[in-house]
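**Student:** Okay, sequence plus prediction incoming.
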Amino acid sequence: MSILSVPTTNAFTLAACAEMIYQDKPFMDRVEAIAARGLGVEIWDWTTKDLDALASRRADGVRVVSMTGYVEGDLTTDDGVTHMLATAEDSLKAADTLDCPVLNFHGTGLGEGGIPVVANAHPTPGDWLRAADTCRRLAELGRREGRVFTLENLNLPVDHPGTPFALAKDTLALVSAVDDAHLKMNLDLYHAQIGEGNLIELCRQALDHIGELQVADVPGRAQPGTGEVNYRNVALALADMGYRGNIGMEAFAWGPAGADDPSAPAGSTSASDQALDQFIRTFTVEAQP
């Protein structure tokens, strides 16, 4: 089977989340399999990782391009803000070890099954002001260390009910209010398709504030090409509107006949190889001079 790699002339840089694919491999083997294709590596909870081992792979081409930028906390409560900022400081130290440029966060910490630790489906005007101030303070930390914090949108109906500031329009409002190069959106198009739709126009509206895009198909949160989103059209539109940043596949891997195919179980090496082929093929667009 042919294994695709990212062309050096591609309009975008591409990455894949090591938490969700190659689940039959040890974590460091997942990282190396992703990097072997010229993809950046994205990770979640850095506290569970061997940071020195990850950092030692940089000479072999392993680039950790995005990681979770906090351990606990939220954007609005007194204790939550304190914990958010303190664990962001800890995350910046981890990012320095990995030379990771982007640190991701949410409106609140997420617990078991993605349920928000502090649910607040209808933030008050005061909550919005407090959240913007917390985002501003995160941007200041990012500026100090030369890193970028990205606020990720989430979906409410399927994965993260009750999460505050979850919609892409919410994250765009907060990021644009702060208006700092060290605070951007992580525009997750899987979540946006469930929560809002109209993905190409959403990308166009948010373009100046996007620090990263993440993709997975709907339903099922598998690789592009397994669901209802025409990601090839999205890729072409992104290139046309001038986006040249990172696109990360934060998706599970389905086999050739879908999640129920016993010959390629979801998350297996064979399913993951095919998923990355689909992802790279979909988001390969020749950069125009």
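**Tutor:** Sure, I can see it. Residues are numbered from 1 along each chain as shown.
**Student:** For the most centrally placed residue in the chain, grab phi and psi.
**Tutor:** Among the residues of the chain, the one closest to the centroid is Gln214, at 4.8 Å (CA atoms, centre = their mean). Per-residue torsions, Gln214: phi -120, psi 150 (degrees, to the nearest 10).
**Student:** So what sits opposite it in the bridge?
**Tutor:** For Gln214, the beta-bridge partners are Asp188, Gly248 (DSSP bridges).
**Student:** Surely it is in contact with Tyr190?
**Tutor:** Yes - counting by CB atoms under 8 Å, Gln214 touches Tyr190, with 7.0 Å between them. The way it works is simple: take the backbone N, C-alpha and C, and place the C-beta from them, glycine included.
**Student:** which neighbours do those two share?
**Tutor:** Glu250 (CB atoms under 8 Å, 6 or more residues apart in numbering).
**Student:** Excluding chain neighbours, what is closest to Leu110?
**Tutor:** Excluding its sequence neighbours, the residue lying closest to Leu110 (CB to CB, 6 or more residues apart in numbering) is Pro116, at 6.1 Å.
**Student:** What is the burial count for that neighbour?
**Tutor:** 22 (other CB atoms under 10 Å).
**Student:** Show the contacting residues for the residue nearest to the centre of the chain.
**Tutor:** Contacts of Gln214 (CB under 8 Å, 6+ apart): Cys17, Glu152, Asn186, Leu187, Asp188, Leu189, Tyr190, Ile247, Gly248, Met249, Glu250.
**Student:** can you check Ala11 too?
**Tutor:** By CB under 8 Å, 6+ apart, the residues touching Ala11 are Leu238, Ala239, Tyr243, Arg244, Val285, Glu286, Ala287, Gln288.
**Student:** Can you tell me how far the last one is from Leu183?
**Tutor:** Think Gln288. 29 Å (CB to CB, to the nearest Å).
**Student:** for the second one, same thing?
**Tutor:** Taken as CB to CB, the spacing of Ala239 relative to Leu183 amounts to 25 Å.
**Student:** For those two, indicate the residue with more neighbours.
**Tutor:** Ranked by neighbour count (other CB under 10 Å), Ala239 and Leu183 place Leu183 first, with 27 against 18.
**Student:** can you give me the helices in this structure?
**Tutor:** Remark: helices assigned in the chain by DSSP state H are 27-35, 51-56, 78-98, 125-145, 168-178, 189-195, 199-206, 231-240, 269-282.
**Student:** Rebuild those as TSV, extending it with mean pLDDT and distance to Pro157.
**Tutor:** As requested, the helices of the chain are arranged in TSV below (pLDDT from 0 to 100; distance: least, CB to CB, whole Å):
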stretch	mean pLDDT	distance to Pro157
helix 27-35	97	30
helix 51-56	97	35
helix 78-98	98	24
helix 125-145	98	21
helix 168-178	98	14
helix 189-195	97	6
helix 199-206	98	16
helix 231-240	98	21
helix 269-282	95	24
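**Student:** looking at those helices, which is buried most?
**Tutor:** helix 189-195 (a mean of 25; mean count of other CB atoms under 10 Å).
**Student:** How far does it sit from its chain's centre?
**Tutor:** Helix 189-195 sits 13 Å away from the centroid of its parent chain (CA atoms, centre = their mean, to the nearest Å).
**Student:** got the contact list for that helix?
**Tutor:** If you take CB under 8 Å, 6+ apart as the criterion, helix 189-195 is touched by 152-160, 166-168, 199, 202-203, 213-218, 221, 228-229, 234, 250-251.
**Student:** hmm, 6 Å instead?
**Tutor:** Applying CB atoms under 6 Å, 6 or more residues apart in numbering, the contact partners of helix 189-195 are 153-155, 158, 167-168, 199, 202, 215-216, 218, 221, 229.
**Student:** Got a PyMOL select line for the buried ones in the residues you listed?
**Tutor:** Applying 16 or more other CB atoms under 10 Å to the contacts of helix 189-195, the buried members can be selected in PyMOL as follows:
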select buried, resi 153+154+155+167+168+199+202+215+216+218+221+229
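**Student:** which one of the contacts of helix 189-195 is nearest Gly126?
**Tutor:** The closest of the contacts of helix 189-195 to Gly126 turns out to be Leu167 (CB to CB; 19.1 Å).
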